[in-house]
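S.K.: Turn this into a structure:
(2 chains)
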Amino acid sequence: GESVGLHLPTLSVQEGDNSIINCAYSNSASDYFIWYKQESGKGPQFIIDIRSNMDKRQGQRVTVLLNKTVKHLSLQIAATQPGDSAVYFCAENTGRRALTFGSGTRLQVQP
Amino acid sequence: DSGVTQTPKHLITATGQRVTLRCSPRSGDLSVYWYQQSLDQGLQFLIQYYNGEERAKGNILERFSAQQFPDLHSELNLSSLELGDSALYFCASSLAGEETQYFGPGTRLLVL
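M.R.: Alright, predicted model coming up:
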């Protein structure tokens, strides 16, 4: 499997600001993408997903954008709150197999 | 709460020992996945079961094995443990034909 690094990039934002977390994926054949939030000591929690036939999907305070041309995924969180502080992972899936996870981004929300 | 349960929450053991981790999927989910999360490797897929049958294998060592029982719970067996096996082990489950995986709270394994 792919190796991911120890050194998580960190995004620090002020409470109330919008956050954008980016992810580059590797497999152009991937047809399903998902964002997870992982708080310290807990398992990854589903946030939002998107299929490759879409380029945007919105949830409650979250939006996922998919750019297949450059194999890029982003997660936008509106009005970021202290409870949003966590590590965020993107994951890709090709043909209903296991997920391949990105290395994660740590989001720190400053009050 | 995802509906996926894992036991035990914490496990401390010695090198050379064998442990069993248990997972109960969400009600109705037929697929179970096991992942390992360590500091230097992120979340790595180990193995998938679907309705009792092995479906896919990832980076699972030969010292590790798993099975899924008729009641759909799954167990991950880790043997001849090494220091490097210390990690968080997560189980996830999904509905048949669905790709969204829901994760349990994990088992933290520490090998001394």
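S.K.: can you list the weak-confidence ranges in chain B?
M.R.: B:40-41 (pLDDT under 70).
S.K.: OK, contacts around residue A:68?
M.R.: By Cβ atoms under 8 Å, 6 or more residues apart in numbering or on different chains, residue A:68 lies in contact with A:28, A:52, A:55. In this view, the C-beta of every residue, glycine as well, is placed from N, C-alpha and C.
S.K.: who touches the closest residue in space to the last one that isn't next to it in sequence in this structure?
M.R.: Taking Cβ to Cβ, 6 or more residues apart in numbering or on different chains as the measure, residue A:55 lies nearest to residue A:66, with 5.2 Å between them; neighbours along the chain are not counted. When the contact criterion is Cβ under 8 Å, 6+ apart, the partners of residue A:66 are A:33, A:50, A:52, A:54-56, A:72-73.
S.K.: pLDDT at residue A:66, what is it?
M.R.: Note on residue A:66: pLDDT of 97.
S.K.: Distance of the most centrally placed residue in chain B relative to chain A?
M.R.: The centroid of chain B falls nearest to residue B:34 when counting by Cα atoms, centre = their mean (3.4 Å). Taking Cβ to the nearest Cβ, to the nearest Å as the measure, residue B:34 falls 9 Å from chain A.
S.K.: How about that residue, nearest residue that isn't a chain neighbour?
M.R.: Going by Cβ to Cβ, 6+ apart, residue B:34 has residue B:46 as its nearest residue, at 4.2 Å.
S.K.: my guess is the one you found meets residue B:63, correct?
M.R.: No - between residue B:46 and residue B:63 there is no contact under Cβ atoms under 8 Å: 11.7 Å.
S.K.: Mind checking which of these two has more residues around it?
M.R.: residue B:46 (22 against 13; other Cβ atoms under 10 Å in any protein chain shown).
S.K.: other SSEs contacting the helix or strand containing the more buried one?
M.R.: Here residue B:46, judged by DSSP states H and E, is contained in strand B:42-50. Judged by 3 or more Cβ pairs under 8 Å, 6 or more residues apart in numbering or on different chains; DSSP states H and E, strand B:42-50 is in contact with strand A:100-101, strand B:31-38, strand B:53-57, strand B:64-68, strand B:74-78.
S.K.: List the neighbouring strands of it plus their orientation.
M.R.: Its sheet considered, strand B:42-50 pairs with strand B:31-38 (antiparallel), strand B:53-57 (antiparallel) by DSSP bridges.
S.K.: Within range of chain A, give me the residues from chain B.
M.R.: B:2, B:4, B:33, B:39-45, B:48, B:56, B:58-59, B:90, B:92, B:97, B:99-106 (Cβ under 8 Å from any Cβ of the partner chain).
S.K.: Tell me the buried residues within the residues you listed.
M.R.: Burial of the residues of chain B next to chain A was assessed by neighbour count (16 or more other Cβ atoms under 10 Å in any protein chain shown); the buried members are B:2, B:4, B:33, B:41-45, B:48, B:58, B:90, B:92, B:99, B:101-106.
S.K.: for the closest residue to chain A within chain B, which residues make a bridge with it?
M.R.: As assessed by Cβ to the nearest Cβ, chain A sits closest to residue B:42 within chain B, at 3.4 Å. Judged by DSSP bridges, the bridge partners of residue B:42 are residue B:38.
S.K.: right, and it touches residue A:105 too?
M.R.: No - shown here, residue B:42 and residue A:105 do not form a contact pair, counting by Cβ under 8 Å, at 11.9 Å.
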